[in-house]
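Peer 1: no letters, just coordinates:
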């Protein structure tokens, strides 16, 4: 039986940086910052569209946020100094608590409950977290179109990403695909946080990173890439036993 059809598995798709919305009560903090909010610092362009494609193809629930990471970063642990940006970290304690209670905690709790309840019913969770990255950083061009981020110490994650990369190279040979690039899969993030709470045979967490050069280019190339990634993921899940 394939993993995609295996009744022991359930899929979850999340998007932590799906938009650049600033709630009305905090907009004064971002006066004159519209360009910054539209940049990669404000959100992950294309990540939500990709997440929707994956969720549709997998028949999976999608948990997403369109609140800008410049207000609060949903992909950071509560004690991470980058949880709040320079625009929100110097607010009074009460205002910071309000941001965390109203915009951070509900999202994180929803994801944690979805994972825990699924595991509690005896199913394995395969969690895809959708992100995108800038073509260059600090003057250095990034040498990838797609990044697959995972923990090398978790065999299920290794197997999934190894096979997904191999299928992508066959189906889309022009794509530059790398594992644990441009970030490491063990860096602080939602998947890393969840790994600490669930065993490797219960939880598989993969971050998908897409080069924003393709997203910004739009058109058929971007549409085809979303379809390609979703379809090859299903092919991957059909071929491997995690």
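Peer 2: Ah, there it is. Just so it is clear, the model here is predicted, and its values are computed rather than measured.
Peer 1: dump the residue contacts of residue 148.
Peer 2: By C-beta atoms under 8 Å, 6 or more residues apart in numbering, residue 148 lies in contact with 161, 164, 165, 177, 178, 179, 180, 206, 207, 208, 209. Using the backbone N, CA and C atoms, a C-beta is placed for each residue, glycine as well.
Peer 1: assign the second one to helix, strand or coil.
Peer 2: If I follow you right, that is residue 164. When classified by DSSP: H, G, I helix; E, B strand; the rest coil, residue 164 comes out as helix.
Peer 1: and it, how far from residue 148?
Peer 2: 6 Å (C-beta to C-beta, to the nearest Å).
Peer 1: which other helices and strands does the biggest helix by length in the chain contact?
Peer 2: Taking DSSP state H as the criterion, the chain has its longest helix at helix 219-239. Judged by 3 or more C-beta pairs under 8 Å, 6 or more residues apart in numbering; DSSP states H and E, the packing partners of helix 219-239 are helix 47-58, helix 155-171, strand 203-211, helix 212-217.
Peer 1: for residue 238, which of those is the nearest?
Peer 2: Among those, the nearest to residue 238 by C-beta to C-beta is helix 155-171 (9.9 Å).
Peer 1: helix 219-239 and the closest one, what's the angle between them?
Peer 2: 130 degrees (axes from the mean of the first three to the mean of the last three C-alpha atoms, to 10 degrees).
Peer 1: what's the nearest residue to residue 130 if we skip its chain neighbours?
Peer 2: residue 51 (3.8 Å; C-beta to C-beta, 6 or more residues apart in numbering).
Peer 1: what's the spacing between the residue of the chain most remote from its centre and residue 68?
Peer 2: In the chain, residue 92 marks the outermost C-alpha relative to the chain mean, sitting 30.0 Å out by C-alpha atoms, centre = their mean. Going from residue 92 to residue 68 by C-beta to C-beta gives 20 Å.
Peer 1: so for the closest residue to residue 87 other than its chain neighbours, what's the pLDDT?
Peer 2: Leaving aside its sequence neighbours, residue 87 sits nearest to residue 29 (C-beta to C-beta, 6+ apart; 4.8 Å). Listed pLDDT for residue 29 reads 97.
Peer 1: how many neighbours does residue 29 have?
Peer 2: If you count neighbours by other C-beta atoms under 10 Å, residue 29 ends up with 17.
Peer 1: before we move on, the earlier item: next one: the longest helix of the chain to chain centre, how far?
Peer 2: Offset of helix 219-239 from its chain centre (C-alpha atoms, centre = their mean, to the nearest Å): 16 Å.
Peer 1: where does the chain have its least confident helix or strand?
Peer 2: strand 136-137 (a mean of 90; mean pLDDT, DSSP states H and E).
Peer 1: quick one: strands adjacent to that strand?
Peer 2: strand 140-141 (antiparallel) (DSSP bridges).
Peer 1: just the residues contacting the strand it pairs with, thanks.
Peer 2: Taking C-beta under 8 Å, 6+ apart as the rule, strand 140-141 contacts residue 135.
Peer 1: check which element follows that strand along the chain.
Peer 2: Counting by DSSP states H and E, the next helix or strand C-terminal to strand 140-141 is strand 146-149.
Peer 1: how far out from the middle of the chain is that next one?
Peer 2: Averaging C-alpha positions (C-alpha atoms, centre = their mean) puts strand 146-149 10 Å from its chain's average.
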